[in-house]
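*Asks:* Predicted model and sequence follow; I will ask about them next.
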Amino acid sequence: MEGNTSYWQENLRLIFICLAIWFVVSFGFGLLLVEPLNAIRIGGYKLGFWFAQQGSIYTFVALIFWYSAKMNQLDKKYNVEES
């Protein structure tokens, strides 16, 4: 029972990290910090615009792969079998 509690605590920690990163990128960079970021241009586009349109999507996809890899490590650590 103690192993299950530890497993879920680590799982929830990973989920919180993913949500925090996604919030910072999508809401923070895409809305709150858009004006300062628009002073920087990449490929002819303002960086604030890029984060609002593309950056949050790319970050979300990257977080999916990162979370999957971390969960595989966590499953091995706690000997969780696939069902």
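*Replies:* Sure thing, it's come through.
*Asks:* which stretches of this structure form helices?
*Replies:* Remark: helices assigned in the chain by DSSP state H are 2-23, 34-38, 47-50, 56-77.
*Asks:* Turn these into CSV, including mean pLDDT and mean neighbour count.
*Replies:* Just so you know, the C-beta spots here come from the backbone N, C-alpha and C atoms, and that holds for glycine as well. Compiled in CSV, these are given as follows (pLDDT from 0 to 100; neighbours: other C-beta atoms under 10 Å):
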stretch, mean pLDDT, mean neighbour count
helix 2-23, 92, 12
helix 34-38, 91, 14
helix 47-50, 88, 19
helix 56-77, 95, 13
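*Asks:* Hmm, Gly55 is touching Phe27, no?
*Replies:* No. Look at Gly55 against Phe27 with C-beta atoms under 8 Å: they stay out of range, at 11.6 Å.
*Asks:* Of those two, which one has the most company?
*Replies:* Gly55 (18 against 13; other C-beta atoms under 10 Å).
*Asks:* Skip the chain neighbours and tell me the closest residue to the more buried one.
*Replies:* Spatial nearest neighbour of Gly55, excluding adjacent residues (C-beta to C-beta, 6 or more residues apart in numbering): Val25 at 5.9 Å.
*Asks:* Go ahead and confirm the one you found touches Ile57.
*Replies:* No. Using C-beta under 8 Å, Val25 is not in contact with Ile57, being 9.7 Å away.
*Asks:* on that earlier part again, identify the contacts common to Gly55 and Phe27.
*Replies:* Counting by C-beta atoms under 8 Å, 6 or more residues apart in numbering, Gly55 and Phe27 have no common neighbour.
*Asks:* one step back: OK, contacts around the residue nearest to Gly55?
*Replies:* Applying C-beta under 8 Å, 6+ apart, one finds that Val25 lies in contact with 51, 55-56, 59.
*Asks:* For Phe51, see how far away it is.
*Replies:* Note on Val25: its distance to Phe51, by C-beta to C-beta, to the nearest Å, is 7 Å.
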